[in-house]
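# Return a 3D structure for these sequence lines:
(one chain, ligands or ions: 1)
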Amino acid sequence: MRATFKRVLPIIAVLLVASILAACSSSSSTTTSSSSSSSSSSAVKKGLKVFIIPKNLGNNYFTTADSAKSGGAIAALDELGESGTETSGTSATPASQIPAIQAAIAKGANVLIVSATDPTALCPTLKSAMAKGITVVTYDSDAPTCRDLFINQASTAEIGTSQVALLAKEIHSTGQIGIVSAAATATNQNAWIGYMKQELAKYPNMKLVSIVYGNDDPPTATQVTEGLLEKYPDLKGIISPTTVGILAAAQVVSTPKWKGKVIVTGLGTPDEMKTYVANGVAPAFILWNPANLGYLAAYAAVYLASHKITNAAGQTFTAGKLGKYTVGADNTILLGPPTVFNSSNVNNFNF
Ligand code: RAM
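Numbering: from 1, shown residues only. Below is the predicted model:
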């Protein structure tokens, strides 16, 4: 017994020294973190009241972006030792969203993470929050003149132009097309549609005949898609740059009256669109990982509120499992390139 102990004693001593050294080095790396770069949660302000305010509640895209279960914004807040609340109105309109922002401010919010239903209507409320010292970060849909930082899902130009390119490929660059958008005021959809129009100039035989608005409300999106198809019976394609709109459009086009005549593309979630890739109605579409968008927004917002970073171009930080990010021009951070989903990969994703 005694001999054995003597033999292992040097090993125990080595392990002890090694673990003491490791503890020293990890605590020094957290305390020496600079104001422009961070890889740990220990230096963030604790007890921040964070409110995540999507365009509306009840939209799967935002549930994925925001929730802990999917690894979204609240998962990031958990990692950082903060608590967060998701709140919004039930419809994706400023009238429905603004009271939720005001309520969050009244509850003592330190941080607001907002997907804007309208870039101007929200501004008086967001500006009053900023005047109170609340950190305002937009994600998904921006309010450029009344926030500290915007977390953009991917290049706005790329999201817009690539949807046109996908549809062009499916309909041989020929025929009437329509757009089923979200709310007419939505910053993100309007910016993407701007790039779609520019891109369409390269396709002289593809004609955009109408833009309709489904307001990210499934019954409205269904109704406006039906109206579009009735009004333009020769329509060859629909681009819907909203997860709610593309699902409604694909469902309508899957009915016998339209199936095989019209192709749908746009921005959809793999889970909701699998069926329509398989039935040929929507052979390809685009999206980013919504959970990663929310996760990145939460990291950036907490670091900004903790003064670990500023919103100036060139500031860098590590967003947990996503790695290093840099603030770019216009106080914007880009999540990364979007994914094109089709029959070769759509079943590999579950969001
Ligand atoms: C809807 C919303 C959201 C948009 C996605 C693609 O869920 O309009 O803002 O980014 O679609």
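
# What is the least confident helix or strand in this protein?
helix 2-31 (a mean of 38; mean pLDDT, DSSP states H and E).

# check contacts around the one residue in the stretch 251-351 of the chain that gets nearest to the ligand.
Closest residue of the stretch 251-351 of the chain to the ligand, CB to the nearest ligand atom: L267 (3.9 Å). No exception for glycine: its C-beta is placed from N, CA and C like everyone else's. Shown in contact with L267 (CB atoms under 8 Å, 6 or more residues apart in numbering): 159, 163, 240-243, 246, 285-287.

# which of those residues come close to the ligand?
With CB under 6 Å from any ligand atom as the criterion, those include 242-243 near the ligand.

# Turn the contacts of L267 into CSV, including distance to T90, pLDDT and secondary structure.
CSV is the format used below for those (distance: CB to CB, whole Å; pLDDT from 0 to 100; DSSP: H, G, I helix; E, B strand; the rest coil):
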residue, distance to T90, pLDDT, secondary structure
I159, 26, 98, helix
Q163, 28, 98, helix
S240, 21, 99, strand
P241, 22, 99, coil
T242, 17, 98, coil
T243, 17, 98, helix
I246, 21, 99, helix
F285, 26, 98, strand
I286, 27, 98, strand
L287, 23, 98, strand
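
# would you list the contacts of L267 in TSV and tack on neighbour count?
TSV is the format used below for those (neighbours: other CB atoms under 10 Å):
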residue	neighbour count
I159	25
Q163	28
S240	30
P241	27
T242	30
T243	25
I246	31
F285	29
I286	21
L287	23
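
# element containing P204?
Counting by DSSP states H and E, no helix or strand carries P204.

# hang on, the earlier thing: the least confident helix or strand of the chain: what's the following helix or strand?
Assigned by DSSP H and E, the successor of helix 2-31 is strand 49-53.

# Dump the next helix or strand after that next one to PDB, keeping only the CA atoms.
For strand 49-53, the succeeding helix or strand toward the C-terminus, using DSSP H and E, is helix 60-66. C-alpha atoms of helix 60-66 as PDB (Å, rounded to 0.1, in the frame of the first residue of the first chain):
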ATOM      1  CA  ASN A  60     -41.700  29.500 -36.500                       C
ATOM      2  CA  TYR A  61     -38.800  31.400 -38.000                       C
ATOM      3  CA  PHE A  62     -38.700  33.700 -35.000                       C
ATOM      4  CA  THR A  63     -39.400  31.000 -32.500                       C
ATOM      5  CA  THR A  64     -36.300  29.200 -33.800                       C
ATOM      6  CA  ALA A  65     -34.200  32.500 -33.800                       C
ATOM      7  CA  ASP A  66     -35.200  33.300 -30.300                       C
END
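
# tell me the mean pLDDT over stretch 97-107?
Averaging pLDDT along stretch 97-107 gives 98.

# in that stretch, what counts as buried?
Going by neighbour count (16 or more other CB atoms under 10 Å), the buried part of stretch 97-107 is 97-98, 100-101, 104-105.

# any idea which of those residues is closest to the ligand?
Nearest to the ligand out of those is Q97 (CB to the nearest ligand atom; 11.8 Å).

# any idea how far the residue of the stretch 1-150 of the chain found nearest the ligand is from L267?
Closest residue of the stretch 1-150 of the chain to the ligand, CB to the nearest ligand atom: Y61 (3.4 Å). Relative to L267, Y61 is positioned 9 Å away (CB to CB, to the nearest Å).

# any shared contact partners between those two?
With CB under 8 Å, 6+ apart as the test, Y61 and L267 both reach T243.

# If the residue of the stretch 251-351 of the chain closest to the ligand is in a bridge, with which residues?
Bridge pairing for L267 (DSSP bridges) gives the partners I286.

# pLDDT score for it?
At L267, pLDDT is 98.

# G89 versus that one, what's the distance?
Separation of L267 from G89 (CB to CB) stands at 22 Å.

# try K69
When K69 is compared with G89 (using CB to CB), they lie 22 Å apart.

# between the two, who's got more neighbours?
G89 (21 against 10; other CB atoms under 10 Å).

# Contact partners for the residue nearest to L304 when sequence neighbours are not counted?
Spatially, and ignoring its direct neighbours in sequence, L304 is nearest to T135 (5.3 Å; CB to CB, 6 or more residues apart in numbering). By CB under 8 Å, 6+ apart, the contact list for T135 reads 110-112, 148, 301, 304-305.

# Check Y299 too.
Neighbours of Y299 in contact, by CB under 8 Å, 6+ apart: 76, 80, 317, 319-320, 322.

# Of those residues, which belong to helices?
Of those, the ones assigned to helices by DSSP state H are A76.
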